[in-house]
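Participant: how would this look folded up:
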Amino acid sequence: MTIHFQQTRLPADPKFLFDRVECYYRDRVGETWKGVHPLKGMSPGRSAIKLRSNDYLSIASDRRVIEAEIRALQAAGHGDSVSRTFVHHETDGLNAFEQRVARLMGAEAAVLANSGYCANVGLIQSICRPETPVYLDIKAHLSLWEGVKSAGATPTPFRHNDPEHLDRLIRKFGPGVIAIDALYSIDGNIAVLDDIVEVAERRGCALIVDETHSFGTHGPDGAGLVAARGLSHRVHFRTVGLSKAVASRGGLVICSQRNAEFLRYESLPVIFSTQVLAHEVAGYNAALDIFANEPSRQRLLHSNHRYLIQGLDDLGYNVDLSKSQIIALEAGEILPTVKLRDALEKRDVFGAIFLPPATPTKRCIIRFTVNCSLTQGELDRVLEVCAEIRDEVGLASWPSTRRRGRQARGARPSVALAA
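Facilitator: This is a model prediction of the structure:
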């Protein structure tokens with residue numbers, strides 16, 4: 001029997017909606033992208049070397065994580081499908097995980113959210129009033145900026161990793177909230193944490209440090225860069241997206257018990273979202289067990305990064321900012337970056353293309369994300385490809401290459417990792 005479905009004709013868009021969507025097709029697809037969609041490249045085959053996953057410690061397919069989630073599903077299905085606001089019992093697995101991760105990170109409490117994005121937006125929306133000054137590193141993750149918007153506050157950006165500029169702005173506009181990343185997701189640069197903490201304390205500010213890309217990959221048992229620097233007791237809030245080293249879904253706010261109680265009933269993403277599911281929490285716990293019991297994964301990750309970054313530096317790529325597992329190949333504007341992406345993918349090397357709004361218009365990149373399971377042969381193959389395509393992609397004419405040439409080599413930052 002054949003079933004025929006009647007196609008439903010949707011209403012015509014009102015003019016304001018049509019015009020808004022038309023801007024995408026006309027301005028971005030037509031004018032900026034010249035009809036070539038930059039995010040739609042090739043599909044990686046079985047032999048491809050993938051440098052675009054955030055699964056830094058290679059646990060996404062680990063049987064221990066999968067089996068922990070399966071056991072939880074078999075025992076209780078998805079668990080209670082309710083808002084985090086209604087989960088209070090100390091015996092609940094969600095609360096137990098929050099307590100565990102708080103202990104790991106040297107804090108009193110943690111609050112689970114549905115993603116790192118929700119954690120950042122809900123945190124700033126909750127603690128800021130419209131008149132609260134919010135100082136953001138210019139490279140801080142977009143979710144932190146969206147939190148400022150949600151609070152109705154005005155963002156005040158400061159130059160990247162420039163505590164003196166931050167200090168001058170606070171003297172001008174008054175104490176408020178400072179928001180930075182511990183490890184920046186575009187180029188792998190690491191925050192000058194000690195200096196930012198000192199400014200926050202001296203100027204009476206609250207400090208938010210997004211540890212999304214450093215949780216699991218840095219610090220004792222993966223506790224992050226704040227813990228690695230011995231600063232856990234001096235940072236008011238740390239946030240974590242569990243989609244990177246934990247290779248799952250969800251987010252965290254790490255803070256004092258007093259502030260955690262406040263956030264559970266003031267953060268709109270926490271209140272108006274169904275909590276993460278029971279089997280996901282089981283997977284989180286299995287991931288933390290791996291962090292604690294297999295520190296070799298961290299060491300391999302940083303060793304792979306050092307090898308690749310040194311090789312790219314020797315080939316003439318400007319990768320000076322990369323201090324950890326994220327490496328940016330900055331080709332400049334969109335079309336040269338698409339050309340770089342295509343040259344890499346034709347040779348079975350797959351990174352991730354980053355364009356506005358993730359980057360400035362003339363500083364688009366292909367981002368390589370390193371993981372601990374890359375083999376020596378795979379790393380060498382990536383370097384062979386990057387050597388082979390230099391003339392094809394016009395490496396010598398990239399703005400980032402010209403910047404590199406203007407710097408005295410002895411003055412450029414070391415590519416060695418301070419893990």
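
Participant: for the rest of this, base every contact and every neighbour count on C-alpha atoms.
Facilitator: Will do.

Participant: ok, which stretches of this structure are strands?
Facilitator: 49-50, 109-113, 134-137, 155-158, 177-181, 206-210, 237-241, 251-255, 326-332, 349-350, 352-354, 364-369 (DSSP state E).

Participant: scan this protein for its longest helix.
Facilitator: Longest helix in the chain by number of residues, with DSSP state H as the criterion: helix 296-314.

Participant: any idea of the angle that helix forms with strand 364-369?
Facilitator: If you take axes from the mean of the first three to the mean of the last three CA atoms, to 10 degrees, helix 296-314 sits at 140 degrees to strand 364-369.

Participant: what is the neighbour count of A119?
Facilitator: 32 (other CA atoms under 10 Å).

Participant: next up, the contacts around it.
Facilitator: Contact partners of A119, counting by CA atoms under 8 Å, 6 or more residues apart in numbering, are 112-113, 239-241, 251-253, 269-270.

Participant: repeat the analysis, applying 6 Å as the threshold.
Facilitator: A119 makes contact with 113, 251-252, according to CA atoms under 6 Å, 6 or more residues apart in numbering.

Participant: adding distance to A48, pLDDT and neighbour count, write these out as TSV.
Facilitator: Putting the contacts of A119 into TSV (distance: CA to CA, whole Å; pLDDT from 0 to 100; neighbours: other CA atoms under 10 Å) gives the following:
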residue	distance to A48	pLDDT	neighbour count
A113	34	95	30
G251	30	97	24
L252	33	98	28
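
Participant: can you list contacts of stretch 14-29?
Facilitator: G35.

Participant: sorry, that was for stretch 283-290
Facilitator: 65, 68-69, 246.

Participant: can you rerun that using 10 Å?
Facilitator: Stretch 283-290 is contacted by residues 57, 59-60, 62-70, 72, 93, 96-97, 100-101, 104, 216, 221-223, 242, 245-250, 278-281, 291, 293-294, 297 when judged by CA atoms under 10 Å, 6 or more residues apart in numbering.

Participant: ditto for stretch 142-156
Facilitator: Residues contacting stretch 142-156 (CA under 10 Å, 6+ apart): 116-138, 157, 166, 169-170, 173, 177-181, 208, 210, 268, 357-358.

Participant: mind redoing it with 8 Å?
Facilitator: Identification of contacts with stretch 142-156 by CA under 8 Å, 6+ apart yields 117-118, 120-126, 128-136, 179, 358.

Participant: now the buried members of those residues.
Facilitator: In the contacts of stretch 142-156, burial by neighbour count holds for 117-118, 120-126, 128-129, 132-136, 179, 358, counting by 16 or more other CA atoms under 10 Å.

Participant: pop the domain breakdown of the chain in here.
Facilitator: Following automatic domain parsing, one finds the domains of the chain at 63-293, 297-411.

Participant: which intervals of the protein have sub-threshold pLDDT?
Facilitator: For the chain, the stretches with pLDDT under 70 are 1-6, 88-91, 407-419.

Participant: one step back: narrow the contacts of stretch 142-156 to those in helices?
Facilitator: Filtering the contacts of stretch 142-156 for helices - DSSP H - leaves 117-118, 120-126.

Participant: can you tell me which of those residues lies closest to D380?
Facilitator: Set against D380, the nearest of the ones in helices among the contacts of stretch 142-156 by CA to CA is Y117 (35.0 Å).

Participant: excluding its backbone neighbours, what's nearest that closest one?
Facilitator: Spatially, and ignoring its direct neighbours in sequence, Y117 is nearest to S143 (5.2 Å; CA to CA, 6 or more residues apart in numbering).

Participant: and for A102?
Facilitator: A102's closest residue in space is A109 (CA to CA, 6+ apart), at 5.0 Å.

Participant: where's the one you found relative to E261, distance?
Facilitator: Per CA to CA, to the nearest Å, A109 is found 9 Å from E261.

Participant: between the two, which is the more surrounded one?
Facilitator: A count of neighbours by other CA under 10 Å puts A109 above the other of A109 and E261, at 22 against 14.

Participant: what's across from that one in the sheet?
Facilitator: C255 (DSSP bridges).

Participant: contact partners for it?
Facilitator: When contacts are counted by CA under 8 Å, 6+ apart, A109 is found next to 98-99, 102-103, 254-257, 260.

Participant: go again with 10 Å.
Facilitator: So A109 contacts 95, 98-103, 253-261 (CA under 10 Å, 6+ apart).

Participant: got a quick ChimeraX command for the buried subset of those?
Facilitator: Per 16+ other CA under 10 Å, the buried members of these correspond to this ChimeraX selection:
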select :95,98,99,100,101,102,253,254,255,256,259,260
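
Participant: wait, V199 sits on G176?
Facilitator: No - contact between V199 and G176 fails when scored by CA atoms under 10 Å: they sit 11.6 Å apart.

Participant: find residues that contact each of the two.
Facilitator: Contact criterion CA under 10 Å, 6+ apart; residues shared by V199 and G176: 170, 205, 207.

Participant: for the residues you listed, give me JSON lines that also has distance to T8 and neighbour count.
Facilitator: Listed next are those as JSON lines, based on distance: CA to CA, whole Å; neighbours: other CA atoms under 10 Å:
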{"residue": "I170", "distance to T8": "56", "neighbour count": "23"}
{"residue": "C205", "distance to T8": "55", "neighbour count": "20"}
{"residue": "L207", "distance to T8": "52", "neighbour count": "23"}
